[in-house]
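>>> Only the shape, not the letters, is given here:
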């Protein structure tokens, strides 16, 4: 990529972040982004096909990284199960800290995803994360049953609501503009609140 195009691309990305963070996707203006870059709107189209593609380019890498971390956490669950002695099926107590660390390393991206994505395919991101967590929880409990651990059944609709509230809770520091220090403390509080609750719910 020629140097001038690289420089222009960087300017567009910076201006787009500012625009979307201030106005949200629906009210963001390509004209304002172009003006901030001292370019024409047609010049923006040499870099991005449209406004939603521009938004996606800003947030997709952070989402991919989060999903990679989430898969890593699930792998840790599997490893813990293999090492389990049958007495204490512990739930990973570092999950929330690791996820919150990552979220705050990419705070602006998650601010866009959680608070500014109305009108895009990302507006139901938390709901999609809840579905993934719900399926993972179900697999984990099934694995415990296969290992001979007694696990209480939970109504599917109730589980869906509980997992959804859990995922929504994870992203609330972003919604409420917590500092990273506040968010990490909050993650520890969530662990203290939810881990005993999940164990009590499933009777493990």
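Done, it's in. Just so it is clear, the model here is predicted, and its values are computed rather than measured.
>>> Helices of the chain, start to end?
When assigned using DSSP state H, the helices of the chain occupy the ranges 3-27, 30-36, 41-44, 51-83, 95-105, 107-115, 125-146, 156-175, 180-202.
>>> Just name the most buried of the ones you listed.
Among these, helix 107-115 has the highest mean neighbour count (mean count of other C-beta atoms under 10 Å), at a mean of 20. Backbone N, C-alpha and C define where each C-beta goes, glycine included.
>>> chain center to that one: distance?
The chain centroid and the centroid of helix 107-115 are separated by 9 Å under C-alpha atoms, centre = their mean, to the nearest Å.
>>> How about stretch 59-77?
Stretch 59-77 sits 9 Å away from the centroid of its parent chain (C-alpha atoms, centre = their mean).
>>> what residues does that stretch touch?
Residues outside stretch 59-77 that contact it (C-beta atoms under 8 Å, 6 or more residues apart in numbering): 92, 95, 98-99, 102-103, 106, 109-110, 112-113, 117, 122, 125, 132, 136, 140.
>>> how does it look with 10 Å?
Contacts to stretch 59-77, defined as C-beta atoms under 10 Å, 6 or more residues apart in numbering, come from residues 20, 53, 56, 90-92, 94-96, 98-99, 101-103, 105-113, 116-117, 120, 122, 125, 128-129, 132-133, 136-137, 139-140, 143.
>>> before we move on, the earlier item: would JSON lines of the helices of the chain with mean pLDDT be doable?
Supplementary listing: these in JSON lines, determined by pLDDT from 0 to 100:
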{"stretch": "helix 3-27", "mean pLDDT": "88"}
{"stretch": "helix 30-36", "mean pLDDT": "95"}
{"stretch": "helix 41-44", "mean pLDDT": "91"}
{"stretch": "helix 51-83", "mean pLDDT": "85"}
{"stretch": "helix 95-105", "mean pLDDT": "93"}
{"stretch": "helix 107-115", "mean pLDDT": "97"}
{"stretch": "helix 125-146", "mean pLDDT": "89"}
{"stretch": "helix 156-175", "mean pLDDT": "94"}
{"stretch": "helix 180-202", "mean pLDDT": "93"}
